[in-house]
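1. Return atomic coordinates for the entry below.
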Amino acid sequence: MIRKPYTEIGTPDAYSGRYYDESYITAFINKHELPCNPTTAFLTPALRNRNITLTPAVNLVGRPPKLYEAALQLLDNVHEGRITAEELLAQTIRCLIIARNEKRQRMETLLADLKKSEDAIPLSAEEIITLLKQHLACRGSSRLPVLIVAAAYQVAEQYIGERFLPLESHNAADEQTGALGDLEITLVDDEKVITSYEMKTRRVTLADIDRALQKINSTGKRVDNYIFITTDAIEEGIQEYASSMYDRTDGIEIVVLDCISFVRHFLHLFHRLR
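-> Numbers count the residues shown, from 1 in each chain. Here you go, the predicted model:
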């Protein structure tokens, strides 16, 4: 019975949907580049362990719900003889091929548009700033300030003679990695860290600056600059406290910079590199 794709149902007419997926369906999908779930039908969580007959009344708790409701109805239609399995298979493949071809056409159109824009005037610095602001406002963008500063150094490396060391995992603590901050800068032909960046998606506090001094002392890395980059507002008292560390540290400059102001200055300074 087509509505019993799980051997644990325990009846003679039950079969293994997983077996058909693994033996035939996955290879067919990959060969013809069909727009299907990579795990295919009966390997999906909604279906793989349902040891009951799959009737339209069953709630598969899949998303979107209408998709699973329609699938159950189609299985029931085959069972009731409203349509043959061969007809359903043919129509399913036909729809998949149409969807695949439409996706290919969209991709070809996008690639063609990209080729047309190769000779177009590049975005202005302020247009780039607008794009970055939009991305920084998105959820899950806490890594973006690190990538912005790293990209700036990558572009300007041969002009300023400085480069950034490989980035550590975003979630790794500095104590684990041995890094002084989120981004460490060295001279092109040297491994000694001369500048360290620490990124904040909140306001920098006095405690952050004190903690930076503790890290400098504990790691033994005497940098020239320790720079905080924040996407939040900068309080005047924080700037003054950071500046006061220059004499107290015998020459280590600690500063707090706004992320957007940093990248805006860089884009205008290296305007022609774009």
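
2. just the strands in the chain please.
-> Secondary structure of the chain (DSSP state E): strands at 162-164, 183-187, 193-200, 225-230, 253-258.

3. want to throw the ones you listed into a markdown table with mean neighbour count, distance to residue 24 and mean pLDDT?
-> For every residue, glycine as well, the C-beta is placed using N, CA and C. Shown next, in a markdown table, are the strands of the chain (neighbours: other C-beta atoms under 10 Å; distance: least, C-beta to C-beta, whole Å; pLDDT from 0 to 100):
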| stretch | mean neighbour count | distance to residue 24 | mean pLDDT |
| --- | --- | --- | --- |
| strand 162-164 | 18 | 49 | 84 |
| strand 183-187 | 20 | 50 | 87 |
| strand 193-200 | 21 | 50 | 88 |
| strand 225-230 | 22 | 54 | 91 |
| strand 253-258 | 18 | 58 | 92 |
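
4. Could I get the ones you listed in CSV, plus columns for distance to residue 28?
-> As requested, the strands of the chain are exported to CSV (distance: least, C-beta to C-beta, whole Å):
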stretch, distance to residue 28
strand 162-164, 46
strand 183-187, 47
strand 193-200, 47
strand 225-230, 50
strand 253-258, 54
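
5. right, and these - which one's nearest residue 95?
-> strand 193-200 (47.0 Å; C-beta to C-beta).

6. these two touch, right, residue 55 and residue 3?
-> Yes: assessed by C-beta atoms under 8 Å, residue 55 is found in contact with residue 3 at 6.5 Å.

7. and residue 186, what is it in contact with?
-> Applying C-beta atoms under 8 Å, 6 or more residues apart in numbering, one finds that residue 186 lies in contact with 162, 163, 164, 165, 192, 193, 194.

8. neighbour count winner among residue 55 and residue 3?
-> More crowded of residue 55 and residue 3, by other C-beta atoms under 10 Å: residue 3, with 18 against 12.

9. Next up, phi/psi of the residue lying closest to that one once chain neighbours are set aside, please.
-> The shortest distance from residue 3 to any non-neighbouring residue, by C-beta to C-beta, 6 or more residues apart in numbering, is to residue 54 (4.5 Å). Backbone torsions for residue 54, taken as degrees, to the nearest 10, come to phi -80, psi 90.

10. which ones are touching residue 54?
-> Residue 54 neighbours (C-beta under 8 Å, 6+ apart): 3, 4, 5, 47, 72, 75.

11. Which of the contacts of residue 186 sits closest to residue 183?
-> residue 164 (5.5 Å).

12. so residue 232 makes contact with residue 205?
-> No: look at residue 232 against residue 205 with C-beta under 8 Å: they stay out of range, at 10.6 Å.

13. overlap in contacts of residue 55 and residue 3?
-> residue 76.

14. before we move on, the earlier item: now for the contacts of residue 186: which two are most distant?
-> The two members of those with the most space between them (C-beta to C-beta) are 164 and 192, at 13.4 Å.

15. Residues in a beta bridge with residue 230, which ones?
-> Beta-bridge pairing for residue 230 (DSSP bridges): residue 200, residue 258.

16. neighbours of residue 218, just the number please.
-> Neighbour number of residue 218 under other C-beta under 10 Å is 11.

17. go on, residue 21?
-> Neighbours of residue 21 using other C-beta under 10 Å come to 21.

18. So how do I select the buried members of the contacts of residue 54 in PyMOL?
-> To isolate the buried ones among the contacts of residue 54 in PyMOL, judged by 16 or more other C-beta atoms under 10 Å, type:
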select buried, resi 3+4+5+47+72+75
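
19. Turn the contacts of residue 54 into CSV, including distance to residue 239 and pLDDT.
-> Putting the contacts of residue 54 into CSV (distance: C-beta to C-beta, whole Å; pLDDT from 0 to 100) gives the following:
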residue, distance to residue 239, pLDDT
3, 70, 91
4, 71, 91
5, 66, 90
47, 59, 80
72, 64, 93
75, 67, 93
